[in-house]
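> Following is a predicted model, sequence given first.
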Amino acid sequence: MNTLLDPIRQALSARSPRERRMLLIATLVLVGGAIVAVAEWSWHERERVRRALPEAQSSLTRMQEDAAELLRLQRSRAPETVPLAARAEAARAAAVSRGIELELEHTQNMIRVTGSGGFDRMTDWLASLQADQRLRPASVRIAADGEQTRFELILVPNSGQ
């Protein structure tokens with residue numbers, strides 16, 4: 001360790017006493033400034049953490065609740081698969097409730113739909129079929145007919161249903 005400090009000691013001994021005092025004062029000012037800077041940074045970081053802590057705790061609580069719900073869902077049984085005929089009747093009822101006229105014909109693995117109604121109602125109906133009945137359009141043909149929209153669809157169950 002002495003070998004590392006020897007060049008510094010030689011440089012200081014070559015200076016006059018006044019220069020050594022000035023170097024000592026400069027060193028003390030630099031060290032003091034570094035201490036103040038570190039203390040100020042530490043204080044700002046503590047304040048930042050203090051302000052962010054309630055939000056982080058709230059987020060943690062929500063994540064824990066979500067994890068518990070996910071675990072509950074993973075442990076629960078999968079819902080029984082609803083036959084396509086029942087889904088077709090549910091689609092018909094949803095269309096009638098929205099004022100959409102349609103004809104349905106279903107086979108073992110698809111539902112063919114032709115009908116007419118307002119475009120907004122039709123898209124709302126399709127969205128509800130996808131969300132509630134797990135039916136997705138495999139083929140869609142839409143044509144404007146004045147205020148009404150004519151459409152032909154082929155609906156199939158989502159994969160895994």
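All right, it came through fine. Numbering: from 1, shown residues only.

> give me every residue that touches T114.
When the contact criterion is CB atoms under 8 Å, 6 or more residues apart in numbering, the partners of T114 are L102, E103, R150, F151, E152, L153. (Glycine included, C-beta is placed from N, CA and C.)

> how near is it to S139?
12 Å (CB to CB, to the nearest Å).

> Show me the common contact partners of the two, please.
In terms of CB under 8 Å, 6+ apart, T114 and S139 are both contacted by the residues E152, L153.

> Tally up the residues packed near L12, please.
Other residues near L12 come to 13 when the count uses other CB atoms under 10 Å.

> confidence score at it?
Model confidence at L12, expressed as pLDDT, equals 86.

> Over to the one 4 residues further on?
Reading off the per-residue confidence, S16 sits at a pLDDT of 91.

> where does the nearest residue to M110 once chain neighbours are set aside fall, phi/psi-wise?
Using CB to CB, 6 or more residues apart in numbering and skipping the chain neighbours, the partner closest in space to M110 is V156 (5.1 Å). Taking degrees, to the nearest 10, you get phi -130, psi 150 for the backbone angles of V156.

> Could you tell me which residues make contact with V156?
Neighbours of V156 in contact, by CB under 8 Å, 6+ apart: N109, M110, I111, L135, R136, A138.

> Mind telling me what element the spatially most central residue of the chain is part of?
The chain has M63 as the residue nearest its centroid, 12.2 Å off, counting by CA atoms, centre = their mean. Assigned by DSSP states H and E, M63 belongs to helix 17-75.
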